[in-house]
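**Q** quick one, structure for this:
(chains A, B and C)
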Amino acid sequence: MGREVSESCVDSLLTEMVSSYCDRFYANKPDLAARRIEAIGFQVGLQLSERYTMERPRFSDHLEAIKFICKDFWSELFKKQIDNLKTNHRGTFVLQDNRFRWLARMSVDPSPENGDLSQDNPPAENKAAQATSMHLYFPCGIIRGALSNLGIPCAVTADISNLPACSFVVRIKA
Amino acid sequence: MIVCVAVVGHQNNPLYIQSFTEADDALKLHHIVHCSLDVVDERVNNPKKSGPTLNETFLGLLYPTENYKVYGYLTNTKVKFILVTTDLDVRDADVRNFFRRFHAAYVDAVSNPFHVPGKKITSRTFAERVSTIVKSFGLSSAG
Amino acid sequence: MANFLAQFHTIKNSSDHLVIAVEDVSDLWPIVKSEFEGRLPFKRASLNNKTRNSVSVENLTAEFILTTDSRLRSRFPLEQSLFWFREPYATVVLVTCEDLDEFRTILKPRLKLIVQNDEREWFIVFVSKAPPNNDQATKLAKKVYAKLEVEFSSKKRERCCKLDIQSPEANFWEDLESKIMESIRNTLDRRVQFYEDEIRKLSEQRLMPVWNFCNFFILKESLAFMFEMAHLFEDALREYDELELCYLETVNMTGKLRDFGGVDRGDDQAALLNPGSKPLTQIVQDDSFREFEFRQYLFSCQSKLLFKLKRAFEVASRGYSFIISFSKALALRESILPFCMREVWVITACLALINATASQYNDGPPDIEKEFYRLQGDLYSLCRVKFMRLAYLVGFGAEIERSPVNSALLSMLPWPKPAVWPLVPPDASSEVLVKEKIILQETPRVKHLGIQRKPLPLEPSLLLREANRRRASLSAGNMVEMFEGRPIFNDGSGSDASTKMSPSQKVRASSMSRTNSSPGGFESSIDRPMRLAEIYVAAEHALQHTISNTDLWKSLSSLEEYEKKYLELTKGAADNYHHSWWKRHGVVLDGEIAAVCFKHGNFDLAAKSYEKVCALYAGEGWQDLLAEVLPSLAECQKILNDQAGYLSSCVRLLSLDKGLFLTKEREAFQSEVLRLAHSEMKDPVPLDVSSLITFSGNPGPPLELCDGDPGTLSVTIWSGFPDDITLDSLSLTLMATYNGDEGVKALRCPSAIVLKPGRNIITLPLPPQKPGSYVLGVLTGQIGHLRFRSHSFSKGGPADSDDFMIYEKPTRPILKVFKPRALVDLTAAISSALLINEPQWVGIIVRPIDYSLKGAILHIDTGPGLKIEESHVIEMQSYVDLSQIAADMAKSDAAQKEGSLAVDKNFEQLRLHAGRIEFPNWANNVTSILWIPIRAISDGLARGSSSVSPLRQSIVDGMRTIALKLEFGVSHNQIFERTLAVHFTDPFQVSTRIADKCNDGTLLLQVMLQSEVKATLTINDAWLDLQDGFVHTTKGDGRPTSGFFPLVISPHSRAAILFSICLEMLNAEDEAKALRPESILNIKYGISGDRTTGAHPPVAVESPGPEGARQDLIFRSSLVLQRPVLDPCLAVGFLPLPSGGLRVGQLVSMEWRIERLKDFEENEVSKHNNEVLYEVGANSDNWMLAGRKRGHVSLSTKQGSRIVISILCMPLVAGYVRPPQLGLPEVDETNISCNPAGPHLVCVLPPALSSSFCIPA
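**A** Purely as a prediction, here's the structure:
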């Protein structure tokens, strides 16, 4: 229980995992690599949710579970809570972390910062965005794993239109 | 004395079931555990009955039978723990305590990266831990 | 007070409704009786409950009783207060009177007397018999009534009402009822108050030793009963509950051991629903309540009330827990109660409860209903268990299915532990023998397919020892030590004993008992441990004494009866469970029913139920339990000859966890499958073996093919069969992930294959597929007549694939077929022309575009005028780029010098076989270049030309084509065709002109050589074979001085050679013989070029010798020389231009004058000598010519005749431009002296502004 790992280790582990899947195992098959990374995240989330929901009453509805993710789960992972939670009350939740730790140390060429990522994307920007999104499959998987272990099947995507803020979009499968 | 403990997955599939009788009549305990799922379902599906302990993980006594007692515990992830004991007077506190420790053991077991979620728990460490917990059942609060 | 109990009991049973007293003062009752009683029972009444809240009750029954009635004669005050509830609740005083005096004198005092007792609630009904028409009488009546009211009614309470018999007012009866109600209410309140005070008093001194429960009980129950009479059932119930509570407390609290009861005949039949089963006097003896009866009594009262409240459900639920707790109580008293009293009681209690509640229950809300059915189910199954236990004790144990459910229920519930185990009656030896026989006869039922399972225990361990110990402990103590070895639990622990108990090994059991007897060394029969049979018999006899209910006893008397009852109970439980939440319980019990059906050969039903059970277990993956039931199902199906079902069952058995069956059992299953597969099946249905044979593509990236490529697909197949199994055929379907239009394709395994247990890797031939990506679909195959299919990808799959992390497992594409694209490219390596008529290397660059050229074959087909030097090898080498190629060209040259080619591994010599070349392996993926020796043939000499009218030979006649066809791909299915154009040419282009004419008639013939190739040409020698009419001036073969040679001509540059020749005098006979028409120029030259750029030294048939000895090439070209005229006969002069100069866009006429210098009779250069053909040539960009550019002008042959040719032309561009030239094509230029020659350039001025000019079209 009490064992702890230094944060930098986790960071480098993450980067190492992403790079080895993207560049070695599934070089030039990004979709496969993404799926695999997401799957790893899924299992991690599954197991973490098992641990972090110990000693707590069962959730009565989706919102409670999501709140759990935002508060306790997130602070277990990142020592901070999700900064902003939005929902359309129809099964879509947006969890925003204003300074997502795992992207905080990631250096992307400055172009994405000034926002015009969506418009013209020269290959450099594109690549940067792609690399970043590769790193996001893991947390997405974690969230999905945790939620589906709590009985909420869902799809999770991440949006990094303005780094280092990162918002995860959870769509609950009806 | 505890006759049997079991972990049942969220699809009511047995993940771990261990009986502590010398006789190899574990099958009947399988049966008891399996049938006790009826009660768990009932408790969960019509909350009216569960009343105040609506979302508490500890489900309490499932079966008021003459001799053996079946206790249930339902985690947040819809995993059920079932405890079958033949003690005639069991203190709730003991059972709760038991389940708490059991849950911890379970979580450690499934957090093993080599454990495939939803598959049977085969970890020997887990088994050993469980048996120690079972042995110490009731003693903790008694002594 | 206890002695009132009997009385109380009788009263309670006699009176169950309110009483209203009628004080009939003036004998009116007979008249009004009918109408009064017609009001009963009161439809609606509003009363106060215990908490003084008014509640409305319906159909309140009551009875009018005259005060003169014997039932109301006054009693002793004590019992009056005690049984107050039966006293009247209201008193109606019936009076009438026509006369005031009479009223005043007689009636009033009497009434005063009556109503003075304010214990009672009373009111007066004044009945006037006055006929309506007689208003005299009515008036009187009114008066009297008025008086009456004045006397008895107070303002706070209205105590009078008036009834006209003749014409009753409408509201009289309401008035009456309300008054009665008021009275009842008041009375009730007062009495409740009274009882409560009493009860409180009692319960305050509850802890004192003097305290007597009996009084408490009487008061409490009286109150309860009063409520009940007043239809205030809720309150009554509450009283009873409190009473029960209090009872349990006191009973358990006060240490004094009370008589428990339950020893009377018939006590075994539960009386928990009929209160009157026993008089209270029996229950209570000297103020000790016998728990056995009393608790049942209380419960029965409660249940009665509950039924009245229409709460049958509550009866059931309370009843169930009551039975459980009560049976515990019985267990404590087991030693004093008759043998198995507890079991019997529970059975009867359950049955009673079931019947009562089931009949009384009317549907409530759904969840309650489900709950109710669950309770019924529980009652049934509890009853069932107890019944089975009795059955076991009397020796039907062998008949009881040793299923998990029975084992769990029987072996884990407590078994009878009587103080003394019943003894075998002395005369029962015969029965013992019978039982012995039964035990011996009955054989352990063998499971189907030779599955061996240790039967589950039905009884707690040590039943046998128990029985003996209980006896022994009485007689001889040391039996106890002997058996105290282990603690006695009621669960199934103690395997050895339980196995010994299982009848199958009964013999050992009895022997055990015998050995047990020896150490004790008891001779006397009483101390000899009983054998099983004896225990049975003893139990049977004991039970016979216990059980008073004949039906129950009957159902234990014989096997058939037992089974009937058993079935009834089991069905009841199952059905009720099915209606409740507890589906699993229901289904499991269905399994038990199935077992019975099976035993009776009703396999159809059995199979149905078994299927349900299997479905339940399989659905939730409880394989251990499934493994228990499935064989039975299989057996049913086999007997029913349901082959499909039987097959699938066997397959399911095989696909269960390996650990659940022994290997040989599993092998038995497999052999069954095989047997069926090869037997004739009427309707062979495809069998789903998804759980048994699973498949997956090999891990890693999918196999990638190009369009049209066939391939072989290797697939991992997992077989769950215990040993090898032969599949007669096997095929896998491929499904396109997108473009679903083209459906699934089946890949067939060519031959029968044998699957080992576990992992197999098979390879399937893969015909060319359409572009797209494919996943594995379904595996189908055949074993014998059995067609099977499997849908599932291997889950227990290979550990090396980390797919297990993906939960919603995407079906991994296993094959990708790409869209058609260029796979290879063939281009010519040479950029410029090659030498014609010489063996030359033509290079072909073969560039595979990331596609392997393994085993590729190149067909070479040369076009017309081109042939391959079959004799020579073809060279192939890897090609990087030009510089690189140059480098290793040099290297390979060096290599050639050393005479070995094997320096560079990527260099190889190939031979052409019938126009085909096979590529070496190293060329699979690298770009390579292929050098083919060819020779372009062109017959006919190259033609030289005179410099005056240079004829350019067109590219076309130097063009040759090579048709290439490359076959490659996995099975040469890919074809690439290309036709390369190669350009050939002569080394030189030759043109001649007469450079100068000397006075001595020597002509200098200038031969200009234009190099046509990108290579350095070296002329070593050149000579001219002159045609007739010309001779070389210098005697000899007319070669230039050899000092010139070698003459080196660098690419595309030109050189010239001068020959000095002179005319040869012709004489007549010379003219007679044929003339050699043309003269031939011979050039001996060498070439040094690079084959990668173009022309190069011709291919040496074998490796040529040293550099010097390179043999020269000969180039021959024909020239035509014309005899020159020695002095010109025409002169052309250009007439001066107009002085104004030329302007763009300004017409100007240009004029030439042709003058005949001499007339030529003797020589005929041209046939028509009085005409001259002229031609004006001009650059059309600069000039626009009007008038005829070409034409004949007549010019007389006389010397000195002259003519002027003029042409209108217009300059188009400003600047110095070349003017148009006049030419005379028919006249050899040597005959023309153009002095002065026309100007080379003329100056054209830009156009004058504002002057328009026209642009050439």
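
**Q** what's the span of stretch C:698-707 from first residue to last?
**A** With CA to CA, to the nearest Å as the measure, stretch C:698-707 spans 22 Å from end to end.

**Q** show residues contacting it.
**A** Under the contact criterion CB atoms under 8 Å, 6 or more residues apart in numbering or on different chains, stretch C:698-707 has outside partners A:29, C:711, C:713-716, C:761, C:766, C:768-771, C:773, C:798, C:800-801, C:803, C:812-821, C:823, C:851, C:969-970, C:974. No exception for glycine: its C-beta is placed from N, CA and C like everyone else's.

**Q** quick one: pLDDT of residue 78?
**A** Assuming you mean chain A. A:F78 carries a pLDDT value of 85.

**Q** could you do chain C instead?
**A** pLDDT, C:L78: 60.

**Q** same check, this time on C:Y380
**A** We have a pLDDT of 92 for C:Y380.

**Q** test my guess that C:L305 contacts C:D235.
**A** No - applying CB atoms under 8 Å as the test, C:L305 and C:D235 come out as separate, 9.6 Å apart.

**Q** would you confirm that C:N760 contacts C:W718?
**A** Yes - C:N760 is within contact range of C:W718, at 7.4 Å (criterion: CB under 8 Å).

**Q** okay, those two: which has more neighbours?
**A** Shown here are C:N760 and C:W718; by other CB atoms under 10 Å in any protein chain shown, C:W718 has more neighbours (22 against 17).

**Q** measure the more buried one to C:I693 for me?
**A** From C:W718 over to C:I693 the distance is 7 Å, taken as CB to CB, to the nearest Å.

**Q** and the helices in the stretch 51-200 of chain C, which stretches?
**A** Along the stretch 51-200 of chain C, counting by DSSP state H, counting those that start in this stretch, helices occupy C:77-82, C:100-102, C:108-115, C:135-152, C:172-204.

**Q** run a quick neighbour tally on the residue of the stretch 1001-1150 of chain C found nearest chain B.
**A** Residue of the stretch 1001-1150 of chain C nearest chain B, by CB to the nearest CB: C:T1092 (60.5 Å). For C:T1092, the count of nearby residues is 18 (other CB under 10 Å).

**Q** please apply the same query to C:P425.
**A** 14.

**Q** C:V1204 too?
**A** Neighbours of C:V1204 using other CB under 10 Å come to 12.

**Q** is it in a bridge, and if so with what?
**A** For C:V1204, the beta-bridge partners are C:R1153 (DSSP bridges).

**Q** where along chain B do the helices fall?
**A** B:26-45, B:47-50, B:92-110, B:124-135, B:139-142 (DSSP state H).

**Q** state the mean pLDDT of the longest one.
**A** The predicted model gives helix B:26-45 an average pLDDT of 85.

**Q** try the last one
**A** The predicted model assigns helix B:139-142 a mean pLDDT of 52.

**Q** please pick the buried ones from the contacts of stretch C:698-707.
**A** C:711, C:713, C:715-716, C:766, C:768-769, C:771, C:773, C:801, C:803, C:812-817, C:823, C:851, C:969-970, C:974 (16 or more other CB atoms under 10 Å in any protein chain shown).

**Q** among the residues you listed, which are in strands?
**A** Residues from these lying in strands, with DSSP state E as the criterion: C:711, C:713, C:715-716, C:766, C:773, C:815-817, C:974.

**Q** helices or strands next to the strand or helix carrying C:K664 in the packing?
**A** C:K664 is part of helix C:663-678 when elements are defined by DSSP states H and E. Counting by 3 or more CB pairs under 8 Å, 6 or more residues apart in numbering or on different chains; DSSP states H and E, the packing neighbours recorded for helix C:663-678 are helix C:643-655, strand C:772-783, strand C:786-790.
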